[in-house]
Structure formats: C-alpha cells, structure tokens
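>>> Below are the sequence and a predicted model for it; my questions follow.
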There are 2 protein chains.
Amino acid sequence: MREGPDIARIAALVADPARSSMLLALMDGRALTATELSGLAGVTKQTASGHLAKLVDGEVLAVEAQGRHRYFRLAGAHVAALIEALMVFSSDAAPPVRTGPKEPALRKARVCYDHLAGEMGVALYDRARVAGWLTDDLSVTEAGWSRFSAIGVSPESLPRSNRPQCRACLDWSQRRHHLAGLIGKATLDRLFALSWARRLPASRVVAFTPEGERRFREWIG
Amino acid sequence: MREGPDIARIAALVADPARSSMLLALMDGRALTATELSGLAGVTKQTASGHLAKLVDGEVLAVEAQGRHRYFRLAGAHVAALIEALMVFSSDAAPPVRTGPKEPALRKARVCYDHLAGEMGVALYDRARVAGWLTDDLSVTEAGWSRFSAIGVSPESLPRSNRPQCRACLDWSQRRHHLAGLIGKATLDRLFALSWARRLPASRVVAFTPEGERRFREWIG
DNA sequence: ACGATGGTTCGGCTATCATCGAACCATGAG
DNA sequence: CTCATGGTTCGATGATAGCCGAACCATCGT
C-alpha cells in the first residue's frame, strides 16, 4: 500500500457539486461573498458557509474580511490550473459570469478613500505585480521606484507615517485588488496634478481626459 | 445556479483514497492488472474491481484485456496532467518528510506519463519558450524544429494523432511547466535512444549519465 | 439604542458509497 | 475434464458527509 501525496484530500474538496460550482464562479480571479456563492451554488447560507470553511481550511480558497462581508477568492494560480485540468474532461465551455453592472463611469474609475479604484486602478495594480514593480510582500522594487518617479512619486515625496507604504485593497466592482496605501494616494494625487484626470463634483467618479487615459496606459505599459 | 462543466464528477473519481492510490501507481504510464492494483491500494479484489469499473466508465482509465488478465492504464496525458496538478498542493504541505535518496532524484528528473518532468523537464520547457522554439500558443517554430531535429525529433517522425503536438504540463515539484504532448514524448524517447539517460526500474526516476546531462544542457543551450 | 443584514454554529435527518463475505463466470494449465 | 486463478456481481453493513431549520454572533445604518 504505497503512501503517495494526499491527492484524494484535495480532490474531495472539488468533488462536491456545490463546492465545484463555487470554484468555477471564482475562476476569473474575482473575489465573491459567501452569500453570492451560496446563491450560485444553489444551497442555503449555512451550507455554503460549511463548504467555504472546508475550502479555506484546505487552502484552496483564500478569504479576506472587509466590514461584515467576507470575500473569497482562489488561493493561487495553481488552483486555477487544477480546475482547468478538470475542465479538459468535459468539452463544454464555461458560461460567462455576470457581475452587477452599476454605473459605468463608477466601474471604470473612482476614488476609494484616497486612492484609485475601478478598472483603471485594478489595471495599475495588475501591471505593477506582473512587471515586478512590487514584490510578493508588496514592497516597491528598484524598477518600481524608477517607474513611479516618472510621474513624480518618489520615496522622498511620501509623507512619513505609520500607514503602510503600499497596500492592496479589494475592489467592489471588479472584485480584484487595486493599489492602496501611501503610494496609492500619492499616485492618485499626481493624476490630478498632471491633469490626466479630475474628480466629478459630488461623486466618487474619477473622469480621465482622453489624453490623460492614453498617457496613463502608456505609463503603466 | 450555474451549470458549468461537470468537474465534480471527475474530481469525485479521484477523491477516494483507494482510487487515488491506483492512479498514482499508474503515473509512469505502465499498465497494471486489477489484482496488482488492489494490492497497491490496500483493498480486496472485489472492491478494486468496483473502483476500476468506475474509473473506466469515467474515461479516466483505459482497459485492455489480454487472456484472463485485464490491464489498466491512464486514459491519456490529460489524466497525468490532472494528477500532477493535484500533487502541487501536497508538495509544500509536508516539509518534514523523510527525504530518502530517491526524493532528490525524483525532483531532478522523472517520467510524467510519457514525457520528461522535474528540473530537467522544466529547464527544457523554459529554454524552449525563451529561445523562441515555441510560440505563445505552443506551436513549434522554424528555429524550434531545427533544434529538435538535432536530436532526431522532426515533424515527420511524430505519429499522426489527434493528441496535441505540444502541450505544457504543470510540474508538482517545480510548480512550473514542463514539455508534454507528442513532442514531449518523442524527446524523452530520444533521450533513452541516445543513452543520455535511462529509467530506473520500479520507479519514475530518469537517471541521466554525466555525459548525457552535459550533452542535454549543451543541446538546450 | 435598535433593527436589518451577512455569516456561523448546532442538531438531526437522510442518502450516498466504500467495504467485504460469498457466490458466480471465464480463462488457462495439467 | 478438472482444478486453480483472475475477475465480477450481489447483498448487507457501517461510516461519512451534505443538507436544512433554528438559533446565535457581528457589523452597519439610522
């Protein structure tokens, strides 16, 4: 009786219909709440809660608490790889997921506390991670600083504070992370100073000018 | 309640300890009999028979009758890819594991279904991507073919099959991709034919000769 | 302070399924 | 033909685990 790696344990976590529905819903990298996932899986909140606890315990999902919500997302790319390996067996393609589309302008770019959120904010964060401006523990690299200083954000320009220099904040419309912390605030400030964007009055919308959006996308590469 | 691909059904087949033991035993691509598998899984013949019937019905295993024996093997490379994707989870789960002398050898080079895995397999895949032997969508370039034909792998030498010519398979020890598909198999075959390496009996280890390893590294550049 | 909402815990019900003993088919050897 | 061996089918059993109702805890908005 050979003692191999315990693949049965992980497989069992995926083997339940309710849990597999949840995992499929999270395949795009967004983070969803427990109630949303319970609805998608077709079970009650209590049942979903149990399932999610198992998945988190098995390190298949990661959880992030924000207020009274708990956002669940895949624990990493290796989980997505596993799900894809399973999908190979059934030729059907996964149906698209729908997120509640709210006001388009808000979805695209808005202020979250003091930093940039929405599609543009997520794009910035994604790019920063992929291009190596930030490390896994969210400290800014050499390459990152040279990129940020191109728009006037440098270590010296940041106020001294015990607030974290760089933080990842969960985006409610995108359900993914965007750039927060001191550097997130400084970046948004510079976007306004450079007139790439401005705040619409009495609203959280950040309105990019056409030229500003072009430059912003050019800047993040 | 979304109706996606039925990944739970396949996962459930792997989720049983007896069945997962059998699948692990078949990871080297060999075919084993029902009785052999029952012993490896630690269950009686009757129980094993039931498990094997389920796995064949789910097209996870293929069966071939020869005389009064029935030989079972993995249904294809996609099954091996699935098992490896599951092993990724266990690799970091048990750090204080007794590392027999076989463990480092397994990490360095081993058979995954019918192609090369481990450090050497990952090195080959990495090099192939960086040096432009493969495109992003994993088709072989002109430069790639000229490089592969240096060890005797050419388009004409590959069997005609609907199996993908080139595929990327996730490596559980390295957490990165290695080269799979028809070209992955052909390459491993050539390594043996050239006596650069040989298979250790009763194990998935691929043992390179010193000379073979030197030539292999020279070949990939 | 109070209600509404998101989420978890607990207890009991139920269905599924792995397991094995025993009996049963099929093939090959002598 | 006869026996031994590989493999399957059947039925009973026991454990696991999903499910939901109800009650409970925590947070937010007013």
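Nice, thanks for sending it over. The shown structure was predicted, so the numbers you read here are calculated from the model rather than taken from an experiment.

>>> okay, now the domains of chain A?
Using automatic domain parsing, the domain ranges for chain A come out as A:7-87, A:104-220.

>>> among those domains, which is nearest DNA strand D?
Nearest to DNA strand D, of all the domains of chain A, is domain A:7-87, at 3.1 Å by CB to the nearest atom of the strand. No exception for glycine: its C-beta is placed from N, CA and C like everyone else's.

>>> close to chain B, is the closest one?
Yes. Residues of domain A:7-87 contacting chain B under CB under 8 Å from any CB of the partner chain: A:7-8, A:10-12, A:14-17, A:19-21, A:23-25, A:39-42, A:59-60, A:78, A:81-83, A:85-87.

>>> mind checking the end-to-end distance for that domain?
End-to-end distance of domain A:7-87 (CA to CA, to the nearest Å): 17 Å.

>>> average pLDDT across that domain?
Taken as a whole, domain A:7-87 has an average pLDDT of 89.

>>> chain center to that domain: distance?
16 Å (CA atoms, centre = their mean, to the nearest Å).

>>> That one vs DNA strand C: in contact?
Yes. Domain A:7-87 is in contact with DNA strand C by CB under 7 Å from any atom of the strand, via A:33-36, A:45-46, A:48-50, A:52-53, A:68-70.

>>> and the gap between the closest residue to residue A:186 other than its chain neighbours and residue B:84?
Excluding the flanking residues, the one nearest residue A:186 by CB to CB, 6 or more residues apart in numbering or on different chains is residue A:153, at 4.7 Å. Using CB to CB, to the nearest Å, one gets 42 Å for the distance from residue A:153 to residue B:84.

>>> what do you get for residue A:31?
27 Å.

>>> same thing with residue A:37?
According to CB to CB, residue A:37 stands 28 Å off from residue B:84.

>>> picking up where we left off before, looking at it, the residue nearest to residue A:186 is touching residue A:184, isn't it?
No. Residue A:153 is beyond contact range of residue A:184, at 9.9 Å (criterion: CB atoms under 8 Å).

>>> Tell me which of these two has more neighbours.
The neighbour comparison of residue A:153 against residue A:184 (other CB atoms under 10 Å in any protein chain shown) goes to residue A:184, with 27 against 21.

>>> Now residue A:188: closest residue in space that isn't a chain neighbour?
Sequence neighbours aside, residue A:116 is the residue nearest to residue A:188 in space, at 4.8 Å (criterion: CB to CB, 6+ apart).

>>> can you pull the contacts of that neighbour?
Contact analysis of residue A:116 by CB atoms under 8 Å, 6 or more residues apart in numbering or on different chains lists A:109-110, A:124, A:178-179, A:184, A:187-188, A:191, A:206.

>>> immediately after the host helix or strand of it, which helix or strand?
In this assignment (DSSP states H and E), residue A:116 forms part of strand A:115-117. Downstream of strand A:115-117, the next assigned helix or strand under DSSP H and E is helix A:119-130.

>>> Excluding chain neighbours, what is closest to the spatially most central residue of chain A?
Nearest to the centroid of the C-alpha atoms of chain A, with distances taken as CA atoms, centre = their mean, sits residue A:176, at 1.8 Å. Among residues not flanking residue A:176 along the chain, residue A:122 sits closest, at 5.0 Å (CB to CB, 6+ apart).

>>> and the gap between that neighbour and residue A:177?
Where residue A:177 is concerned, residue A:122 sits at a distance of 7 Å (CB to CB).

>>> What of residue A:18?
Taking CB to CB, one finds residue A:18 at 27 Å from residue A:177.

>>> Same check on residue A:45?
26 Å.

>>> Those two - which one has more neighbours?
Shown here are residue A:45 and residue A:177; by other CB under 10 Å, residue A:177 has more neighbours (21 against 12).

>>> Remind me which helix or strand the closest residue to residue A:65 other than its chain neighbours belongs to.
Computed as CB to CB, 6+ apart, the closest residue to residue A:65 that is not its neighbour in sequence is residue A:71, at 7.7 Å. If you go by DSSP H and E, residue A:71 is part of strand A:69-74.

>>> Name the residues of that strand that come out as buried.
Using 16 or more other CB atoms under 10 Å in any protein chain shown as the test for burial, strand A:69-74 gives A:70-74.
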